[in-house]
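Asks: This is a predicted model, with the sequence first.
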Amino acid sequence: MVCKNCGAELVEGAKFCIECGSPVEAPAEPEEVVEPVAAVDPVVEETVAEEPRESEPVDEGPEAKEAPAEEPAAEEPEQAAEPEKPETVEPAEPAAPAGPIGIPVDEAAEAPKKSRKPLYIAIALVAILAIAAAVVFGSGLFASPDKLYHKAELKAFENVSDGLASSYGSFVEGVGESEVQLSGNAELAFDESLFDLLEMGGILDEDLSWLKAIRAEYTVNAAKEGRSGADFKLKLNGKDIATVNGVVDPDDGMVYIKVPELSDEYAELDLDDMLDELYYELPYSVYSIIAQGEDEETKELITDVLKALPSEGDLKKLLNKYVKLAVESIEGVEKSKDSLSAGGVSANYTALTVKIDTDNARRIAKNVLTEMEKDAELKKLIISVADAAGEDGDDTYESFHDSIKDALDSVEDIELSKKDTVTMTVYVDRKGNIAGREIKASGLRVTMAMPKDGSKVGIRLAVKTDGNYLIDLEGDGKISGSKLEAELALKVYGVELAEVTVNEMELAKLKKGQIGASITIKPSKALLEELDLTGAVGSFAKKLRLTLLLDTSDSAASVSVSLQTDSSDLVKLWIDCKKSSGKKVGAASGVDVYDWLDSIDAKGAKEVIKRLKDAGVPADLLEELEDFVDWYL
């Protein structure tokens with residue numbers, strides 16, 4: 001048996017087609033579909049769409065069986081209140097029973113397609129409302145000011161902690177390596193106009209116009225234990241001059257230096273003697289650091305401590321835990337709508353104002369100290385580092401733990417006056433990012449602002465104390481992709497000293513604790529007017545600028561500092577460095593300095609002098625060198 005509407009095969013006994021929904025016309029006897037239907041009770045009108053099952057024939061009742069077919073039902077006294085039959089039942093059209101939603105079968109062929117559209121629309125509306133609810137509630141639109149502040153501050157710290165942990169990880173990894181190699185170039189270049197300027201100022205009385213550039217190509221193999229070595233290839237004005245090889249051997253406390261062009265021997269220098277010389281040349285604090293760094297026990301101690309330090313991931317986890325505890329301890333945040341302005345750029349933000357008063361200070365201290373008291377990871381770290389440093393780890397931790405308990409007992413003694421209360425306002429955008437903050441405490445006011453209006457961005461960093469701005473760096477710029485360009489003015493005590501231009505600062509690198517940017521600093525008009533420079537000097541000063549090119553990554557760095565005019569680099573220092581796996585340095589042996597001088601080959605010395613001549617060294621200087629070689633050798 002098939003559906004008359006769509007032709008699909010029907011299940012036996014089904015009332016409707018499972019494909020199109022059309023009613024199934026059950027086989028009916030002629031006498032079951034004639035006039036007796038007219039006597040059906042009105043209740044049948046509500047279920048007329050349902051065909052009687054074959055196994056359950058309709059009971060027509062005694063009145064319907066006995067009444068003549070042509071007798072109208074309205075003549076029955078008990079049927080007087082019933083509606084007229086022509087309006088309720090159409091017995092003349094028995095072949096068109098009602099469809100599944102009250103539509104005649106001949107119209108119901110199109111019903112399934114039409115009836116599903118409202119369903120699809122309803123589902124779409126529900127989905128849209130669900131997404132909208134997720135966005136609204138997920139964005140924190142209805143969150144409390146405290147929760148909004150916690151979320152924004154922790155998000156900001158997460159960006160900072162990534163950079164801190166990355167820098168820390170690179171440092172620990174670097175010093176933890178048994179051997180590391182650093183290679184690159186260092187160059188100091190000069191322009192002739194610099195020497196002219198120095199001569200005009202009476203600073204220089206020698207002709208150095210021949211000096212263009214001094215360059216060293218270097219490779220350093222540094223080892224935590226054992227020997228380290230360095231090789232330098234020296235150039236003057238682009239010409240190869242000489243090679244220098246060096247070895248530092250901590251086992252015998254000696255430094256060995258060789259210049260292959262002059263001698264095959266190493267000259268040996270005693271480290272202790274070198275340190276003794278430095279004692280008279282350097283501040284004692286600097287000397288002490290160098291001297292301790294050369295001590296073998298100190299080296300071993302530093303190495304052990306570095307090994308005990310937490311990994312990059314562990315440090316980040318530790319920092320995030322305690323910062324989260326401190327931030328989420330803050331309550332009483334006040335929320336408002338406010339604009340943030342810097343460098344002529346203004347935008348509206350949600351302003352969240354926090355007061356670190358007595359209650360918040362106590363809450364922060366209590367929550368952080370309570371966690372530190374029971375923190376098993378912190379305990380393990382303290383014991384490990386103390387043991388590595390030659391102390392008793394258990395005793396060190398016990399002392400630490402006692403101090404934490406004492407601090408907890410004193411939490412209620414914390415009392416901040418109104419003057420000591422720190423007030424901070426953070427400005428948060430719709431994505432939960434902090435665009436600026438202002439901190440006030442005891443006459444000190446620090447402002448950090450970076451409002452955005454499309455691609456435009458304002459920048460301000462200012463420190464104000466006792467009513468006066470100590471430093472104020474402000475300007476505007478533009479962000480393209482992940483790069484920032486900006487024009488800033490630097491003021492110190494209200495006087496504009498310099499104009500600062502930032503080109504292509506890579507914001508993505510800043511998050512990793514790295515930097516990539518070009519920064520140009522030039523004297524401001526206000527400064528030049530204050531100095532009252534006139535004539536050629538004033539004209540020259542207006543053209544001066546200092547340019548810094550910075551580019552760092554996990555395994556490489558490049559730094560360039562140049563003093564420029566509009567037309568040239570007066571002087572430029574450039575250093576680049578690449579880190580890679582190091583190589584072991586072989587043992588060296590040498591002779592004292594005087595014996596080394598005696599070992600210099602005269603022919604090699606003259607070859608070096610010839611190279612200097614090719615590099616442009618003046619003849620009078622070369623003559624002095626030749627005279628020394630002839631006399632000494």
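Replies: Received, thanks.

Asks: Could you list the low-pLDDT ranges of the chain?
Replies: The chain contains residues with pLDDT under 70 at 11, 13-16, 18-19, 21, 25-142, 171-178, 224, 274-299.

Asks: Mind doing that once more with 50?
Replies: For the chain, applying pLDDT under 50 flags the ranges 28-114, 133-139.

Asks: Domain-wise, how is it divided?
Replies: Domain segmentation of the chain under automatic domain parsing yields 30-123, 601-633.

Asks: Tell me if residue 490 really is in a strand.
Replies: Yes: according to DSSP: H, G, I helix; E, B strand; the rest coil, residue 490 belongs to a strand.

Asks: Who are the contact partners of it?
Replies: Listed by C-beta atoms under 8 Å, 6 or more residues apart in numbering, the contact set of residue 490 reads 471-473, 496-500, 521, 524. All C-beta atoms are positioned from the backbone trio N, CA, C, and that covers glycine.

Asks: Could you do residue 416 as well?
Replies: Residues near residue 416 by C-beta under 8 Å, 6+ apart: 356-358, 361.

Asks: Which two of those residues have the greatest separation?
Replies: Pairwise distances across the contacts of residue 416 (C-beta to C-beta) peak at 9.1 Å, for the pair 356 and 358.

Asks: The two - which one has more neighbours?
Replies: residue 356 (18 against 15; other C-beta atoms under 10 Å).

Asks: which residues in the stretch 501-633 of the chain form strands?
Replies: 516-523, 545-552, 556-564, 569-581, 590-591 (DSSP state E, counting those that start in this stretch).

Asks: want to throw those into TSV with distance to residue 185?
Replies: Below are those laid out as TSV (distance: least, C-beta to C-beta, whole Å):
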stretch	distance to residue 185
strand 516-523	19
strand 545-552	14
strand 556-564	9
strand 569-581	6
strand 590-591	27
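
Asks: Residue 259: which of those strands is closest?
Replies: For these, proximity to residue 259 was assessed by C-beta to C-beta; strand 590-591 is nearest, at 11.9 Å.

Asks: The closest one: partners in the sheet, and parallel or antiparallel?
Replies: Here strand 590-591 is paired, per DSSP bridges, with strand 266-270 (parallel).

Asks: Can you pull out the residues in contact with the partner strand?
Replies: By C-beta under 8 Å, 6+ apart, strand 266-270 touches 245, 247, 253-258, 588-593, 596.

Asks: Which of the residues you listed fall within helices?
Replies: Of the positions in the contacts of strand 266-270, 593, 596 sit in helices, assigned by DSSP state H.

Asks: Identify, from the contacts of strand 266-270, the entry nearest to residue 439.
Replies: Closest to residue 439, out of all of those and judged by C-beta to C-beta, is residue 255, at 49.9 Å.

Asks: Around the residue lying closest to the closest one once chain neighbours are set aside, count how many other residues there are.
Replies: Of all residues not flanking residue 255 in the chain, residue 269 sits nearest, at 4.5 Å (C-beta to C-beta, 6 or more residues apart in numbering). Neighbourhood size, residue 269 [other C-beta under 10 Å]: 19.

Asks: do residue 449 as well
Replies: As a burial measure, residue 449 scores 21 neighbours (other C-beta under 10 Å).

Asks: Excluding chain neighbours, give the residue nearest to it in space.
Replies: residue 436 (3.6 Å).

Asks: wait, what's in contact with that neighbour?
Replies: Neighbouring residues of residue 436 by C-beta under 8 Å, 6+ apart: 340, 342, 349, 426-427, 447-451, 460.

Asks: Output those as TSV; include the columns secondary structure.
Replies: Formatted as TSV, the contacts of residue 436 follow (three-state DSSP):
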residue	secondary structure
340	strand
342	strand
349	strand
426	strand
427	strand
447	strand
448	strand
449	strand
450	coil
451	coil
460	strand
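
Asks: Run through the bridge partners of residue 345.
Replies: Applying DSSP bridges, one finds that residue 345 bridges with residue 342.

Asks: and it, how many neighbours does it have?
Replies: So residue 345, with other C-beta under 10 Å, has 21 neighbours.

Asks: wouldn't it be in contact with residue 453 here?
Replies: Yes: counting by C-beta atoms under 8 Å, residue 345 does reach residue 453; the two are 5.3 Å apart.

Asks: so what's the residue nearest the centre of the chain up against?
Replies: In the chain, the centroid-proximal residue (C-alpha atoms, centre = their mean) is residue 511; its distance is 3.1 Å. Residues near residue 511 by C-beta under 8 Å, 6+ apart: 159, 162-163.

Asks: Report the buried members of the residues you listed.
Replies: In terms of neighbour count (16 or more other C-beta atoms under 10 Å), there are no buried residues within these.

Asks: mind checking the backbone torsions on the closest residue to residue 358 other than its chain neighbours?
Replies: Among residues not flanking residue 358 along the chain, residue 416 sits closest, at 4.7 Å (C-beta to C-beta, 6+ apart). The phi/psi pair for residue 416 (degrees, to the nearest 10) reads phi -110, psi 130.

Asks: do you know how far residue 416 is from residue 409?
Replies: To residue 409, residue 416 is 19 Å away according to C-beta to C-beta, to the nearest Å.

Asks: repeat for residue 547
Replies: 57 Å.

Asks: The two - which one has more neighbours?
Replies: residue 547 (18 against 10).

Asks: tell me the contacts of that one?
Replies: 518-521, 560-562, 564.

Asks: Just the buried ones among those residues, please.
Replies: 518-521, 560, 562, 564.

Asks: of the contacts of residue 416, closest to residue 151?
Replies: residue 356 (18.5 Å).

Asks: Leaving aside the residues adjacent along the chain, what's closest to the closest one?
Replies: Using C-beta to C-beta, 6+ apart, the nearest residue to residue 356 is residue 422, at 4.2 Å.

Asks: I figured that neighbour hits residue 444, correct?
Replies: No: judged on C-beta under 8 Å, residue 422 makes no contact with residue 444 at a distance of 9.5 Å.

Asks: between those two, which one's more packed in?
Replies: Neighbours per residue (other C-beta under 10 Å) separate residue 422 from residue 444, with residue 422 holding more: 16 against 13.

Asks: Distance check, that one against residue 440.
Replies: For residue 422, the distance to residue 440 - C-beta to C-beta - is 7 Å.

Asks: for residue 552, same thing?
Replies: With C-beta to C-beta as the criterion, residue 552 and residue 440 are 34 Å apart.

Asks: And residue 156, by the same measure?
Replies: Per C-beta to C-beta, residue 156 is found 19 Å from residue 440.

Asks: just residue 460 next, same as before
Replies: Going from residue 460 to residue 440 by C-beta to C-beta gives 16 Å.
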